[in-house]
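[1] here is a sequence with its predicted model. Questions after.
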Number of protein chains: 2
Amino acid sequence: MVSRRAAALSAHAPAIAAAHQRVERDPYDPQRNPSGYLNLGTAENRLLWDLLAPKVAAAREIGPRDVRYVPLHGTPRLRAATARLLSTTWHTPVDPDHLVVVSGASAALDIVASILCDPGEAIIVPAPYYSAVEVLFTGRSGARLVPAPLSPTSGFALDASAIEQAIERTRADGTTVRAVAITSPCNPTGNVHTVAALREVLAVAERHDVDLIADEIYANSAFGDRPFVSVLDPLVRGESRARIHTIWGFAKDFGLSGLKAGVLHTERPDVLAAATALAYFAPVSSDTQALLAGLLDDQAWVCLLFKENRVRLAESYRNAADCLDNLGIPHVRPAAGFTIWADLSRSAGDSAAEHRLWQRILDEAKVNLVPGKAFGSPAAGWFRLCHTADPAHVQEALRRIGQLS
Amino acid sequence: MVSRRAAALSAHAPAIAAAHQRVERDPYDPQRNPSGYLNLGTAENRLLWDLLAPKVAAAREIGPRDVRYVPLHGTPRLRAATARLLSTTWHTPVDPDHLVVVSGASAALDIVASILCDPGEAIIVPAPYYSAVEVLFTGRSGARLVPAPLSPTSGFALDASAIEQAIERTRADGTTVRAVAITSPCNPTGNVHTVAALREVLAVAERHDVDLIADEIYANSAFGDRPFVSVLDPLVRGESRARIHTIWGFAKDFGLSGLKAGVLHTERPDVLAAATALAYFAPVSSDTQALLAGLLDDQAWVCLLFKENRVRLAESYRNAADCLDNLGIPHVRPAAGFTIWADLSRSAGDSAAEHRLWQRILDEAKVNLVPGKAFGSPAAGWFRLCHTADPAHVQEALRRIGQLS
């Protein structure tokens, strides 16, 4: 018998990770394994390796201090370099001492939920939401995730009134609400939120005296017409004294998902102190921190990487969108990120129909997609497709899906 | 206001880490900073850099897969290589699928406590114990740490009867006991436990139907006459069906403390499943995993490193012991590890006297030691000294301590 929390977590194994590993064991190859699995399930940026390789595989400037204990919430060097980058990304000065480095944005989400919520207390999350957030916000902290459903007719646009209604409904049930959490840009839809929508969300959080958690891990992966604007941007934040906790990491914008390096930014001293204490349980290798600081120090390279990333993301999206258009599959037009939020239902359908379709896509088409249910989708039949892989693979995957009758 | 758990953790900031950072900001240098701080507080092996540098600073064999998502409980390659090493260390075949890789042995201690204990349930730990274990076992899990005091007159030797008494006393108080946890070899004393003592501890755990947690992070750092024997060694375990969870990492035996890579070994399927789920919150960088697997693959180099490590540890200890002997400071003679457990009390003294002495050593001698209180020491006036640094620095630190009147 294990503890109640551990039993719940074991039962709630992250489905994305399991499917990812299943598919990776028998991967498609046009020559060697044409009947293998194609993975459009994992939001991973595979477009940047040629730019990363010369840096990542090179000899490293590592000294004895780089393999010794370092501050467990991040080396001063990495926090300074990250603060410099985020000052540009967020259009506001970032103090390195407001950053806590932990082993992935995932760990940062767990940590902020554990700090803000006692067990049973709620975090309001607009739905569809990043699927892993359910286990990350609740699994260790004991917090509850309460979805605020967004409307399919608006393309699931961020909507402060949906959030406000969810807060009021949850409080009416006698549950304490501690925070609202958004992803910005949005995973899975790829929506880049407007300044107006972000200001309204901030105002709702302030009015209801709850904190705002903003997962901005795709901040430098916006490729559409509307530029990314951070909740910390003076345009959004203005004079607001809202309590904002922002998360970023190297997984998406740098295409370094395996390195599991994320940061939490907060200006609330008590949250900062607690996050620093909790970082003790999820630190990042000093070796990897030295690598990342080295990457950030080469600012010209970072500029080039981000520029090229946007160009490649736009091309990659265009390739997938053309296939979807040819198949008559509607989708939300993304302005950021690696994924497309598509309506595969073909007819009204319900949650059971969505599950059957998902199973057929995995078993018959041998394509890994993540079904809307995993994102708390307010409408059935929606799936998330990740397009940031080999374009020919994406075409093959969508061809197979199109052939399912 | 933050959550109760977060508030408790913030209040309980790891003293060792704080002192470490204070001292590292103004370090002693015989020429440039002769009045700087000397750090004998951090159990870090600084004797191996010349052997590590050619491997760690070299160009890396990193491919695109090494920067992508990998199984969050460790890559198959690193788990296989670690299992091969531990099979030798533990004298028993180790299945890679019984290993969970997480961001440090610290994280592994938190994870095993969180799995075995619901809040309020107890883990029995012989004292003196590894100081950080208090926050690691209790900070996130809500478990309680109950010390089982060992006797100064036996040199704080591992004693199953002390553990059994602690279990019975704790149960009599109405608290559920879930596990016994030992460090083997012992931090802080450097004791290498006898086969007989380990068998008795195992028998006590079995008799009282509790699990055994063995932190064997110093397994390959035994330099004395008595060889290290794992609890998993058939000599110890025999036919016992005791539920054993063993922890190891790269911090000590490889001198790579900054890399924060630890493993949990367990054969209990429910604990393994839960640990795999919890590894999601504390994964190790794929980049660092590739480095470590590469180190382990060079088995001749590992052999040489461990052999040289033992020789250098013995020399390092001898240097420090000579100073202590000259000063007339008694200590437990260690057979493993990086530390010396010394009685600086000079007279009976109490906990308040120990604290005053610690403060004087830090403020006047400018030497960082960790006082016995942090280790739950059953006797006042004992301190832990780490000797695995520059021998001249160790001599200077002990000279300064000797000069305190």
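    Perfect, I can see it now.

[2] elements contacting the helix or strand harbouring A:Val23?
    For A:Val23, the element it lies in under DSSP states H and E is helix A:15-24. Other helices and strands packing on helix A:15-24, by 3 or more CB pairs under 8 Å, 6 or more residues apart in numbering or on different chains; DSSP states H and E, are strand A:38-39, strand A:367-368, strand A:370-371. Using the backbone N, CA and C atoms, a C-beta is placed for each residue, glycine as well.

[3] let me know whether the last one sits next to chain B.
    No: Strand A:370-371 does not reach chain B (CB under 8 Å from any CB of the partner chain); its nearest approach is 13.7 Å.

[4] who are the packing partners of that strand?
    helix A:15-24, helix A:351-363, strand A:382-386.

[5] and the angle from the last one to helix A:351-363?
    Between the axes of strand A:382-386 and helix A:351-363, defined by axes from the mean of the first three to the mean of the last three CA atoms, to 10 degrees, the angle is 30 degrees.

[6] what residues of the lengthiest helix in chain A count as buried?
    If you go by DSSP state H, chain A has its longest helix at helix A:299-327. Of the residues in helix A:299-327, those with enough neighbours to count as buried (16 or more other CB atoms under 10 Å in any protein chain shown) are A:301-302, A:305-306, A:309-310, A:312-313, A:316-317, A:320-321, A:323-324.

[7] I'd like those as a markdown table, with distance to B:Phe383 and pLDDT appended.
    Supplementary listing: the buried residues of helix A:299-327 in a markdown table, determined by distance: CB to CB, whole Å; pLDDT from 0 to 100:
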| residue | distance to B:Phe383 | pLDDT |
| --- | --- | --- |
| A:Trp301 | 48 | 98 |
| A:Val302 | 47 | 98 |
| A:Leu305 | 50 | 98 |
| A:Phe306 | 51 | 98 |
| A:Asn309 | 53 | 97 |
| A:Arg310 | 57 | 98 |
| A:Arg312 | 58 | 98 |
| A:Leu313 | 57 | 98 |
| A:Ser316 | 60 | 98 |
| A:Tyr317 | 62 | 98 |
| A:Ala320 | 64 | 98 |
| A:Ala321 | 67 | 98 |
| A:Cys323 | 69 | 98 |
| A:Leu324 | 68 | 98 |
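
[8] out of the residues you listed, the closest to B:Ala127 would be?
    Within the buried residues of helix A:299-327, proximity to B:Ala127 (CB to CB) peaks at A:Val302, which comes in at 50.0 Å.

[9] now do the contacts for the closest one.
    For A:Val302, the contacting residues are A:Leu85, A:Leu295, A:Leu296, by CB atoms under 8 Å, 6 or more residues apart in numbering or on different chains.

[10] before we move on, what SS does the last one have?
    Three-state call for A:Leu296 (DSSP: H, G, I helix; E, B strand; the rest coil): helix.

[11] surely it meets A:Ala83?
    No: contact status for A:Leu296 versus A:Ala83: not in contact, 9.7 Å apart, counting by CB atoms under 8 Å.

[12] and the strand or helix carrying A:Arg399, is it in reach of chain B?
    A:Arg399 is part of helix A:391-403, with elements assigned from DSSP H and E. No: judged by CB under 8 Å from any CB, helix A:391-403 and chain B are separated, with a smallest distance of 13.9 Å.

[13] tell me the mean pLDDT over that helix?
    The predicted model assigns helix A:391-403 a mean pLDDT of 97.

[14] so what touches it?
    Residues outside helix A:391-403 that contact it (CB under 8 Å, 6+ apart): A:28, A:30, A:38, A:40, A:315-316, A:319-320, A:323-324, A:326-327, A:344, A:361, A:365-367, A:369, A:385, A:387.

[15] local confidence estimate at A:Thr183?
    We have a pLDDT of 98 for A:Thr183.

[16] the closest residue to it other than its chain neighbours pairs with what?
    Spatial nearest neighbour of A:Thr183, excluding adjacent residues (CB to CB, 6 or more residues apart in numbering or on different chains): A:Asp215 at 4.4 Å. For A:Asp215, the beta-bridge assignment (DSSP bridges) gives partners A:Thr183, A:Ile247.

[17] just the CA trace of the least confident helix or strand in chain A by mean pLDDT, in PDB.
    Counting by mean pLDDT, DSSP states H and E, the weakest-scoring helix or strand in chain A turns out to be helix A:15-24, with a mean of 72. Below are the C-alpha coordinates for helix A:15-24, written out as PDB (Å, rounded to 0.1, in the frame of the first residue of the first chain):
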ATOM      1  CA  ALA A  15      -1.300   9.700 -21.100                       C
ATOM      2  CA  ILE A  16       0.800  11.900 -23.400                       C
ATOM      3  CA  ALA A  17       4.000  10.500 -22.100                       C
ATOM      4  CA  ALA A  18       2.800   6.900 -22.400                       C
ATOM      5  CA  ALA A  19       1.600   7.400 -26.000                       C
ATOM      6  CA  HIS A  20       4.700   9.200 -26.900                       C
ATOM      7  CA  GLN A  21       6.900   6.300 -25.700                       C
ATOM      8  CA  ARG A  22       4.700   3.700 -27.500                       C
ATOM      9  CA  VAL A  23       5.000   5.600 -30.700                       C
ATOM     10  CA  GLU A  24       8.700   6.300 -30.400                       C
END
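
[18] now that helix against strand A:382-386, angle please.
    50 degrees.

[19] list the contacts for A:Asp159?
    Taking CB under 8 Å, 6+ apart as the definition, contacts of A:Asp159 comprise A:Pro126, A:Ala148, A:Leu150, A:Ser151, A:Ala197.

[20] look at it and report its pLDDT.
    According to the per-residue confidence, A:Asp159 scores 98 in pLDDT.

[21] what's the answer for A:Asp343, then?
    Among the per-residue scores, A:Asp343 shows a pLDDT of 96.

[22] tell me how far the most far-flung residue of chain A relative to its centre lies from B:Gly249.
    Computed with CA atoms, centre = their mean, the residue of chain A farthest from its C-alpha average is A:Pro64, at 34.4 Å. The span separating A:Pro64 from B:Gly249 equals 19 Å under the rule CB to CB, to the nearest Å.

[23] ok so, going back, comparing the helices and strands packed on strand A:370-371, which comes out most buried?
    strand A:382-386 (a mean of 27; mean count of other CB atoms under 10 Å in any protein chain shown).

[24] tell me the mean pLDDT over it?
    97.

[25] how about the residues of the stretch 251-400 of chain A near chain B?
    With CB under 8 Å from any CB as the criterion, the stretch 251-400 of chain A comes near chain B at residues A:255-261, A:270-271, A:273-274, A:276-278, A:280-288, A:291.

[26] just the buried ones from these, in ChimeraX syntax?
    Provided next is the ChimeraX selection string for whichever of these are buried by 16+ other CB under 10 Å:
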select /A:255,256,257,258,259,260,261,271,273,274,276,277,278,280,281,282,283,284,285,286,287,288,291
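
[27] buried residues, stretch A:91-109. List them.
    Buried residues in stretch A:91-109, counted by 16+ other CB under 10 Å: A:94, A:96, A:98-109.

[28] so can I have a markdown table of those residues showing pLDDT, secondary structure and distance to B:Gly349?
    Rendered in a markdown table, the data for those read as follows (pLDDT from 0 to 100; DSSP: H, G, I helix; E, B strand; the rest coil; distance: CB to CB, whole Å):
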| residue | pLDDT | secondary structure | distance to B:Gly349 |
| --- | --- | --- | --- |
| A:Val94 | 97 | coil | 49 |
| A:Pro96 | 98 | helix | 43 |
| A:His98 | 98 | helix | 43 |
| A:Leu99 | 98 | strand | 43 |
| A:Val100 | 98 | strand | 39 |
| A:Val101 | 98 | strand | 41 |
| A:Val102 | 98 | strand | 41 |
| A:Ser103 | 98 | coil | 42 |
| A:Gly104 | 97 | coil | 46 |
| A:Ala105 | 98 | helix | 49 |
| A:Ser106 | 97 | helix | 48 |
| A:Ala107 | 98 | helix | 43 |
| A:Ala108 | 98 | helix | 45 |
| A:Leu109 | 98 | helix | 48 |
